[in-house]
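Student: pasted the sequence and its predicted model underneath.
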Amino acid sequence: MELNITVLAGDGIGPEVTAQGVRLLKAVAERHGHAFTFNEKKVGGAAIRETGVPLPEDTLAACLESDAVLLGAVGSPEFDALPPERRPESGLLALRKALGGFANLRPAIAYPSIADSSPIKAEVLGKADILIVRELLGGLYFGQPRGIEEIDGKQSGFNTMRYSEDEIERVARVAFEAARTRRKFLASVDKANVLETSRLWRQVVGKLSSEYPDVTVEHHYVDSFAMHLVMNPQRFDVVVSENLFGDILSDEAAVITGSLGLLGSATIGGKIDLYEPVHGSAPDIAGTGKANPIGAIASAAMLLRHSANLEAEATAIEDAIRAVLDAGYRTEDIARGTYKQKCTTEEMGSLILEHFNASTALSAAQSA
Ligand code: IPM
Ligand code: MN
């Protein structure tokens, strides 16, 4: 199969972790006879430095012409003083909007072999396996009006949270469908005791649930859900929430896995699907070899699953990640408790790659 992938490495640790994701994709193409092409473009701070804007036209055009976009991270302290619309992050938000994906899938899995990396007790973590479905194109991130204005000589900031019925229904549908393929348990998270958008959210999810009688639905307020998520993570399966709540809950869910560096994501439902690790650009550790490439590699696996329909290859990469962790290899962020060996970003990529190659060679030998 042919696949054109636009690679937006971005800022900070973005380039080094993305390089490891691309290595895995190249290995898949090579081993299974696919033609993947990689087109590298600038985004975020890297783009501002070169062109003055965080999402240059040429980057957006390349993304819109490709089959999938693999992104690293955006954000850089040198732009911290700038207003939101001129910061690197605004390039990412404009890209998300232009690509159109509204459902951001963020799996958080507790790997028992790295339970020591989580501050949560191993028996509480168990085999927690959660899929957060975060609405990505609405809510406070995009609502108008927004701004800072002066009222009676004092600054006053304002944002708008707005959700239409259709925006809620389409993302809830993705979550219900996902729940169907898993443990058939959906937690819908809102703040319906205070917000109108949340009241509507609850109403739309409730109505849609009649189409999915096989899926059990629970509605939770976001504050109490934030507590239950870490008190009893094994209880939950699919979680659906609006943009900002989903952003916050997915960082919290990283505590279940042990490190934000382990989480990948897929944004689906639009013109072009977008794959990016959940972590940020971590400028403090960029270039030190401390970054964990697993989030980027997991995102590459999701790309194979959702944009190329290569389920077996995606699973083989995910199995390789688990096997390398089980074998005791750790990047800096997950080097806690007992383990075999610390490794750098690139070494971790190599280990996962070797494991992937060995397992696919094995399955080829078995089927020959
Ligand atoms: C994320 C990030 C982004 C977001 C930032 C970088 C704009 O935190 O993907 O979770 O808030 O969506
Ligand atoms: Mn975030």
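Tutor: Looks like it came in fine. Ligands and ions are numbered 1, 2, ... in the order given.

Student: going by C-alpha atoms from here, please, whenever you check contacts or count neighbours.
Tutor: Fine.

Student: what residue ranges in the protein score low on pLDDT?
Tutor: Across the chain, residues meeting the criterion (pLDDT under 70) sit at 368.

Student: you'd agree residue 10 is up against residue 70?
Tutor: No. Taking C-alpha atoms under 8 Å as the definition, residue 10 is not a contact partner of residue 70, at 10.3 Å.

Student: what does the stretch 1-150 of the chain put close to ligand 1?
Tutor: Residues of the stretch 1-150 of the chain that fall close to ligand 1, judged by C-alpha under 6 Å from any ligand atom: residue 89.

Student: could you measure from the most centrally placed residue in the chain over to residue 221?
Tutor: The C-alpha lying nearest the average C-alpha coordinate of the chain belongs to residue 265 (C-alpha atoms, centre = their mean; 2.5 Å). For residue 265, the distance to residue 221 equals 24 Å [C-alpha to C-alpha, to the nearest Å].

Student: same check, this time on residue 19
Tutor: Distance, residue 19 to residue 221, by C-alpha to C-alpha: 39 Å.

Student: the more surrounded of those two?
Tutor: Using other C-alpha atoms under 10 Å, the more surrounded residue of residue 19 and residue 221 is residue 19, with 20 against 15.

Student: closest residue of the stretch 101-250 of the chain to ligand 1?
Tutor: The stretch 101-250 of the chain approaches ligand 1 most closely through residue 247 (5.0 Å), counting by C-alpha to the nearest ligand atom.

Student: need the longest strand for the protein.
Tutor: In the chain, with assignment by DSSP state E, the single longest strand is strand 2-10.

Student: hey, C-alpha coordinates of that one in CSV?
Tutor: What follows is strand 2-10, C-alpha atoms only, in CSV (Å, rounded to 0.1, in the frame of the first residue of the first chain):
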residue,chain,number,x,y,z
GLU,A,2,1.0,3.6,-0.6
LEU,A,3,0.9,6.2,2.1
ASN,A,4,2.1,9.8,2.1
ILE,A,5,2.9,11.0,5.6
THR,A,6,3.6,14.6,6.5
VAL,A,7,6.0,14.7,9.4
LEU,A,8,5.9,17.8,11.6
ALA,A,9,8.6,17.3,14.2
GLY,A,10,8.0,20.7,15.8
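
Student: which other helices and strands does the helix or strand just after it contact?
Tutor: Next helix or strand after strand 2-10 toward the C-terminus (DSSP states H and E): helix 14-32. Contacts defined by 3 or more C-alpha pairs under 8 Å, 6 or more residues apart in numbering; DSSP states H and E place helix 14-32 against strand 2-10, strand 35-40, strand 68-73, helix 294-307, helix 345-367.

Student: any idea which of the ones you listed is most buried?
Tutor: Ranked by mean neighbour count, these are led by strand 68-73 with a mean of 28 (mean count of other C-alpha atoms under 10 Å).

Student: okay, now the sheet partners of it, with direction.
Tutor: Pairing partners of strand 68-73, with direction, according to DSSP bridges: strand 2-10 (parallel), strand 273-275 (parallel).

Student: can you redo the ones you listed as CSV with distance to residue 190?
Tutor: Supplementary listing: the strands paired with strand 68-73 in CSV, determined by distance: least, C-alpha to C-alpha, whole Å:
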stretch, distance to residue 190
strand 2-10, 32
strand 273-275, 25
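
Student: for residue 313, which of these is the nearest?
Tutor: Nearest to residue 313 among the strands paired with strand 68-73 is strand 2-10 (14.5 Å), distances taken as C-alpha to C-alpha.

Student: just the angle between that closest one and helix 294-307, please?
Tutor: 150 degrees (axes from the mean of the first three to the mean of the last three C-alpha atoms, to 10 degrees).

Student: and the angle from strand 2-10 to strand 35-40?
Tutor: Orientation of strand 2-10 against strand 35-40 (the same axes, to 10 degrees) gives an angle of 20 degrees.

Student: what's in contact with strand 2-10?
Tutor: Residues from elsewhere that reach strand 2-10 (C-alpha atoms under 8 Å, 6 or more residues apart in numbering): 15-16, 18-19, 34-47, 62-63, 66-74, 308.

Student: do that again at 6 Å, thanks
Tutor: Outside strand 2-10, the residues that touch it by C-alpha atoms under 6 Å, 6 or more residues apart in numbering are 15, 18, 35-44, 46, 63, 66-74.

Student: measure residue 282 to residue 230 for me?
Tutor: Taken as C-alpha to C-alpha, the span from residue 282 to residue 230 is 24 Å.

Student: please enumerate the helices of the stretch 151-300 of the chain.
Tutor: Assigned by DSSP state H, counting those that start in this stretch, the stretch 151-300 of the chain shows helices spanning 165-180, 196-208, 222-231, 243-257, 294-307.

Student: just name the most buried of the ones you listed.
Tutor: helix 294-307 comes out most buried of the helices of the stretch 151-300 of the chain by mean count of other C-alpha under 10 Å, with a mean of 26.
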